[in-house]
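[1] sequence isn't available, so here's the structure alone:
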């Protein structure tokens, strides 16, 4: 079971590769219109900092972004990769243990709350770190609406259902993107907006094999086996048959994502 105030332990090697391949433009594009020069930004669950680095370029030298993640290996990797980005700071820290006198203009968090069993508490913590009138943006999945065309091998479908059951039993919300608006409203945010951010990958796209192959990497997560949700034999078969499928039959995959943003009420209004 998850620690109340911790993001779940992810498979480091697989996750490191996934994070390194991300970018602001490809993986958080709906955020770009609200980025301005000079903003003070916090990125919660920044991974290796790939998206944070993209934000740093847009907010410029008069702005600053701090990225935090509770997996030290990701932060070490990011510091090496983005050492030349002077307005980016990466910190190994859990959100609930992150304390600073600074208040931020904008806080962002991409694909992170899905790993928490207390996302409402996380949103309240982020609200505390915002300036009055500051903005919070959360981007996350509805894993229950994942679409493959055609359907992948039965072994992967079984692994995927076991993965979702494991997540649910650990307190994680598999359809969190559909509840974010209610979470924001409950936390007292105003000017709440939701933006469709579905990721669609089609055969022939430059990144098709690497993106649709994400589920091979996820299947490296052995906790699903160790906690009795699926056998090791079936897990390995799922990886093998899925990798054959993505090279041969796979045509399309759609991952359902929504960005929700809202403003902290101005204390002086």
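    That came in fine, so what should we check first? As the structure is a computational prediction, the values presented were derived from the model and not from experiment.

[2] CA only for contacts and neighbour counts going forward, please
    Noted.

[3] so where do the strands sit in the stretch 1-150 of the chain?
    40-44, 64-69, 88-92, 104-110, 130-141, 147-149 (DSSP state E, counting those that start in this stretch).

[4] paired strands for the third one, with orientation please.
    Counting by DSSP bridges, the strands paired with strand 88-92 are strand 64-69 (parallel).

[5] ok, residue 27 - contacts?
    residue 51 (Cα atoms under 8 Å, 6 or more residues apart in numbering).

[6] try 10 Å this time
    21, 50-51, 110-111, 139, 197-199 (Cα atoms under 10 Å, 6 or more residues apart in numbering).

[7] centre-most residue in this structure?
    Taking Cα atoms, centre = their mean, the centroid of the chain lies closest to residue 111, which sits 1.6 Å from it.

[8] check the nearest residue to that residue once chain neighbours are set aside and give its pLDDT.
    Residue nearest to residue 111 in three dimensions, not counting chain neighbours: residue 140, with 4.6 Å by Cα to Cα, 6 or more residues apart in numbering. What the model reports as pLDDT for residue 140 is 98.

[9] swap in residue 268?
    Residue 268 is given a pLDDT of 52.

[10] partner residues bridging the residue lying closest to residue 149 once chain neighbours are set aside?
    Nearest residue to residue 149, sequence neighbours excluded (Cα to Cα, 6+ apart): residue 252, at 5.1 Å. When assigned by DSSP bridges, residue 252 has beta-bridge partners residue 149, residue 202.

[11] after the strand or helix carrying residue 211, next one along is what?
    Using DSSP states H and E, residue 211 falls within helix 208-212. Later in the chain than helix 208-212, the nearest helix or strand by DSSP H and E is helix 214-218.

[12] packing partners for that next one?
    helix 12-20, helix 154-169, helix 232-247 (3 or more Cα pairs under 10 Å, 6 or more residues apart in numbering; DSSP states H and E).

[13] quick one: closest of those to residue 74.
    Taking Cα to Cα, helix 12-20 is the member of these nearest to residue 74, at 6.4 Å.

[14] that closest one - what's its average pLDDT?
    Helix 12-20 comes out at a mean pLDDT of 54.

[15] residues in contact with the nearest residue to residue 54 once chain neighbours are set aside?
    Spatial nearest neighbour of residue 54, excluding adjacent residues (Cα to Cα, 6+ apart): residue 24 at 5.4 Å. For residue 24, the contacting residues are 30-32, 50-55, by Cα under 10 Å, 6+ apart.

[16] in helices only, show me those residues.
    50-55 (DSSP state H).

[17] want to try JSON lines for the residues you listed, with neighbour count as columns?
    Listed next are the ones in helices among the contacts of residue 24 as JSON lines, based on neighbours: other Cα atoms under 10 Å:
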{"residue": "50", "neighbour count": "20"}
{"residue": "51", "neighbour count": "23"}
{"residue": "52", "neighbour count": "27"}
{"residue": "53", "neighbour count": "26"}
{"residue": "54", "neighbour count": "18"}
{"residue": "55", "neighbour count": "28"}
